[in-house]
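Trainee: make a model of this:
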Amino acid sequence: MSPNGSSSKMTALMDSEIYQALKAGQQSALAILYDRYGKLVYGLALKILKHSQEAEDLTQEIFLALWRSDIYDPTRGSLSNFLTIMTRSRAIDKLRSYNTSVRFFERWSKIIPTETLTNTPFEQASVAERSQKIRQALAQLSTKQRQILEMLYYEGLSQSEIAQQLNIPLGTVKTRSRLGLLKLRQYLEDFMS
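Mentor: Got it, this is the predicted structure:
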């Protein structure tokens with residue numbers, strides 16, 4: 001029997017049967033599940049994240065997780081419900097993570113000196129101290145982490161755009177930005193409070 005014949009027979013199977021075929025190593029099962037539920041996952045991700053590239057990235061993450069691990073239990077409910085819950089949960093996690101980073105940089109930007117002239121020696125000293133702390137914090141980062149954070153927050157690029165510009169995987173951009181933010185937060189935490 002040809003691979004196409006077995007694939008077309010598989011499309012008539014129930015989700016739980018296709019999932020079992022996926023777990024048994026039949027790669028065509030993932031394509032069938034993606035065809036069935038890719039639009040559902042992407043649509044929900046886009047509705048929550050409001051950014052097409054982020055929704056595409058999350059859709060890929062969801063189906064890779066389905067393929068690589070035993071996270072779905074067919075006895076506990078339908079695959080469509082499972083994918084909906086998983087997509088919603090991970091999208092909200094991404095928003096929370098993004099909002100935490102934005103709040104951190106909003107607080108951080110308040111201590112960055114502006115172009116305005118200060119009137120008193122005390123204000124000048126305060127601006128100089130903040131500038132020095134920020135330079136020291138940025139110096140603690142690796143060149144690659146600093147570059148990605150500058151592209152994210154000063155140039156306003158998305159992580160996907162940075163990955164394209166630097167010709168590196170999106171996961172690498174996400175890891176470097178997360179690690180850089182954690183180091184900055186740790187270093188500047190006492191200073192900002």
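Trainee: end-to-end on stretch 152-160?
Mentor: 10 Å (Cα to Cα, to the nearest Å).
Trainee: which regions of the protein sit below the pLDDT cut-off?
Mentor: Flagging of the chain using pLDDT under 70 yields the residue ranges 1-12, 98-128, 131, 190-193.
Trainee: against Lys144, how distant is the residue nearest in space to the middle of it?
Mentor: Closest residue to the average C-alpha location of the chain: Lys94 at 5.7 Å, with Cα atoms, centre = their mean. Using Cβ to Cβ, to the nearest Å, Lys94 is found at 22 Å from Lys144. Backbone N, C-alpha and C define where each C-beta goes, glycine included.
Trainee: thinking again about what came up before, wait, the residue nearest to the centre of the chain touches Leu58, no?
Mentor: Yes. Counting by Cβ atoms under 8 Å, Lys94 touches Leu58, with 6.8 Å between them.
Trainee: tell me how many other residues crowd Tyr154.
Mentor: Residue neighbour count, defined by other Cβ atoms under 10 Å, stands at 9 for Tyr154.
Trainee: got it, and Val41?
Mentor: The number of residues near Val41, taken as other Cβ under 10 Å, comes to 26.
Trainee: for it, what are its contacts?
Mentor: The neighbours of Val41, taking Cβ atoms under 8 Å, 6 or more residues apart in numbering as the test, are 58-59, 62-63, 83-84, 87.
Trainee: got the phi and psi for it?
Mentor: Backbone torsions for Val41, taken as degrees, to the nearest 10, come to phi -60, psi -50.
Trainee: ok, it to Leu64 distance?
Mentor: Val41 is 12 Å from Leu64, by Cβ to Cβ.
Trainee: quick check: Ser177 touching Ile148?
Mentor: Yes. Between Ser177 and Ile148 a contact is recorded at 5.0 Å, counting by Cβ under 8 Å.
Trainee: more neighbours: those two, which one.
Mentor: Taking other Cβ under 10 Å, Ser177 and Ile148 do not tie; Ile148 has more neighbours (28 against 19).
Trainee: who are the contact partners of the more buried one?
Mentor: 162, 166, 173, 176-177, 180.
Trainee: now swap in Leu179 and tell me
Mentor: Leu179 touches Gln145, counting by Cβ under 8 Å, 6+ apart.
Trainee: from Ser97, how far out is it?
Mentor: When Cβ to Cβ is the yardstick, Leu179 and Ser97 sit 13 Å from each other.
Trainee: one more: Asn81?
Mentor: From Asn81 to Ser97 the distance is 25 Å (Cβ to Cβ).
Trainee: between those two, which has more neighbouring residues?
Mentor: Counted by other Cβ under 10 Å, Asn81 and Ser97 do not tie: Ser97 has more neighbours, with 13 against 10.
Trainee: thinking again about what came up before, just name the closest of the contacts of Ile148 to Ser28, please.
Mentor: Val173 (31.3 Å; Cβ to Cβ).
Trainee: I'd like to know how many residues surround the closest one.
Mentor: 24.
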